[in-house]
Structures are given as C-alpha cells and as structure tokens.
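**Student:** Next come a sequence and a model predicted from it.
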Amino acid sequence: MTTDGVAKSATRNTTTSTGHNDTLRQVIVVVSAVLAIIGGFVGSGAAGGQAVQVASGGALAADATPIAPGGPAFSIWSVIYLGLVAYAIWQALPGQRTIERHRRLGYWVAASLLLNAAWILSVQFDLLPLSVPVIALLLVVLVRAFFITLATRPENLVDTVVTDGTVGLYLGWVCVATAANIAAVLADAGFRGFGLGLDTWGVVIVAVAGAVGVALALRGRGRIAPTLSLSWGLSWVAVARLSGDLESTPTAVAAIVAVIAVVVATIVLRLRERRSPELSARR
C-alpha cells in the first residue's frame with residue numbers, strides 16, 4: 001500500500017471511530033435522561049415510594065432545618081427535567097452529532113443525570129449520609145458543565161435556551177440543594193451547631209449560598225439561568241422561615257438580602273457585558 005493509501009485509510013478509520021463515539025455519546029445522554037426521569041417519578045412519590053420531602057424520616061422536610069426551602073420550591077424540578085429532556089433530544093439530532101460543544105458537554109450532562117437518580121435512591125432507601133457525597137459530586141459535575149457552556153458558543157437561540165439555560169438552572173438549584181442537604185444530614189446526626197443557635201447557622205449558610213450566587217454571576221458574566229434557580233430556592237427558604245413551623249426571621253432576612261445581592265450582581269454584570277462590545281466598537 002502506498003503512503004497516500006495508508007493516510008486515506010487512517011483518515012477513514014478516524015472518521016468512522018469518531019462517528020461511533022459521537023453516536024454512543026448521544027445514546028448515553030438519552031438513556032441517562034430516561035433513567036433520571038424515572039428517578040424523578042419515584043422521588044415524587046408517584047410510583048408508590050415516598051416524596052423526597054418525607055423520605056428518610058422527614059430529614060429534608062421544609063421545617064427540618066433553618067435553610068430548608070418551602071415545599072413549592074421543589075416544583076422547579078419540573079422545569080429542570082423538561083430542559084434536560086429537551087437537551088437530550090437536541091443533542092441527539094443528526095445535525096448536532098459532531099458539534100464540538102456537545103462532544104465536550106454530553107458526558108458531563110449524562111453523569112449529572114445518573115448522579116441525580118443516585119441521590120434520589122439514596123434518600124428513598126434511607127441512606128441519608130450517602131446523599132451528601134453524591135450531591136457534592138453532582139455539584140462538581142455541574143460546575144464543570146457550566147464552565148464548558150461558558151467556553152463554547154451556542155449555535156443559535158435554541159441551543160442557548162436548551163443547553164445554557166438548562167445547565168444554568170440545574171446548577172443554581174443544586175447549589176441551594178447541596179447546602180440544604182448537608183444541613184439536613186448534620187441535623188439528623190444530632191449536630192447542634194457548637195451552641196451558636198439555629199438563627200446564626202441559618203444566616204451563615206444562607207450568606208454562603210448568596211456568595212456562591214454572586215460568584216456564579218461573576219464567572220458567568222451575568223448568566224440569567226443560575227440566578228433564577230438559586231434565587232428561587234433562597235426565596236422559598238425565606239418563605240419557609242417566615243410562615244412555616246420553624247420560624248427564623250434572621251434567616252429569612254438574610255435569604256432576602258442574598259437574593260437581592262445575586263440579582264443585582266447579575267444585572268450589573270450583564271449590562272456591563274453588553275456594553276463591552278459597544279465600547280470596543282467605538283474605540
């Protein structure tokens with residue numbers, strides 16, 4: 001075989017291999033989405049199990065800890081699941097198969113879907129301590145996915161909404177859920193906060209969540225989706241602390257301040273980002 005023949009054969013093999021890998025990635029994302037939907041169905045209690053809020057002895061209920069969001073906060077999962085299904089379908093389209101953005105992002109989204117299902121199972125089977133490393137790993141995976149969306153340009157408006165919007169909403173909510181999950185596990189284990197009191201710990205943890213939201217706004221240059229879901233979660237923390245069985249005015253006020261800080265930071269950074277190209281063009 002000539003040198004040209006060897007080169008052409010190698011090119012064909014590389015193309016075929018890449019094609020198979022792309023198809024495999026698409027299939028894995030779709031299958032992971034299906035498993036996550038089944039997990040969400042189980043986690044809602046509709047399949048005969050317990051809803052997440054009452055599973056594990058009610059450790060994740062709205063009145064379990066000072067930073068537990070009110071029950072209606074969890075309705076955001078409907079939007080997140082819808083977005084994840086939309087992304088699974090979008091990336092599976094033939095025209096999206098070889099898009100570099102999906103090549104870099106697909107497996108991270110699939111990992112997040114499987115981890116989400118694993119988290120639901122850990123709670124349903126009363127393995128609450130196990131839920132902490134699972135949700136922590138889920139948060140790390142989503143941060144990585146978020147960075148990929150920042151580093152790659154969306155193809156069009158559909159890609160912006162389906163890909164960037166879904167990953168952003170998912171990340172923002174999991175930030176709040178991670179804090180609430182850790183607090184629930186500590187409370188269930190008998191942790192009493194070194195005598196500082198529930199109000200103090202509530203304010204501290206909510207402040208940390210708000211700082212994370214501002215950091216996401218800075219890193220994301222004013223991305224709206226993470227701010228929406230994180231602010232949604234913190235707002236329901238405030239509602240639960242003002243009207244629920246476990247009242248804490250300091251925690252509620254801290255949550256409201258955190259929401260305002262995150263929203264203002266996002267708006268300022270987004271306006272600055274929009275002005276930057278205009279200023280560059282004038283110069």
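**Tutor:** That came through, no problem.

**Student:** Would you check that residue 103 makes contact with residue 22?
**Tutor:** Yes. Distance between residue 103 and residue 22: 6.9 Å, which falls inside the contact criterion (Cβ atoms under 8 Å). C-beta here means a position set from N, CA and C on the backbone, and glycine is covered the same way.

**Student:** hey, what's in contact with both of the two?
**Tutor:** Overlap of the contact sets of residue 103 and residue 22 (by Cβ atoms under 8 Å, 6 or more residues apart in numbering) is empty.

**Student:** which regions of the protein lie under the pLDDT threshold?
**Tutor:** Within the chain, the stretches with pLDDT under 70 are 1-20, 43-57, 193-194, 276-283.

**Student:** Tell me where it has helices.
**Tutor:** Counting by DSSP state H, residue ranges of the helices within the chain are 3-43, 76-92, 100-124, 128-151, 157-159, 166-188, 198-219, 224-243, 249-282.

**Student:** can you tell which of these is closest to residue 65?
**Tutor:** When the helices of the chain are ranked by distance to residue 65, counting by Cβ to Cβ, first place goes to helix 166-188 at 4.2 Å.

**Student:** coming back round to it: Serialize the helices of the chain to CSV and add fields for mean neighbour count.
**Tutor:** Formatted as CSV, the entries for those read as follows, by neighbours: other Cβ atoms under 10 Å:
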stretch, mean neighbour count
helix 3-43, 15
helix 76-92, 19
helix 100-124, 21
helix 128-151, 18
helix 157-159, 13
helix 166-188, 23
helix 198-219, 20
helix 224-243, 24
helix 249-282, 16
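
**Student:** Out of the ones you listed, which gets nearest to residue 70?
**Tutor:** When these are compared (using Cβ to Cβ), the closest one is helix 224-243, at 3.9 Å.
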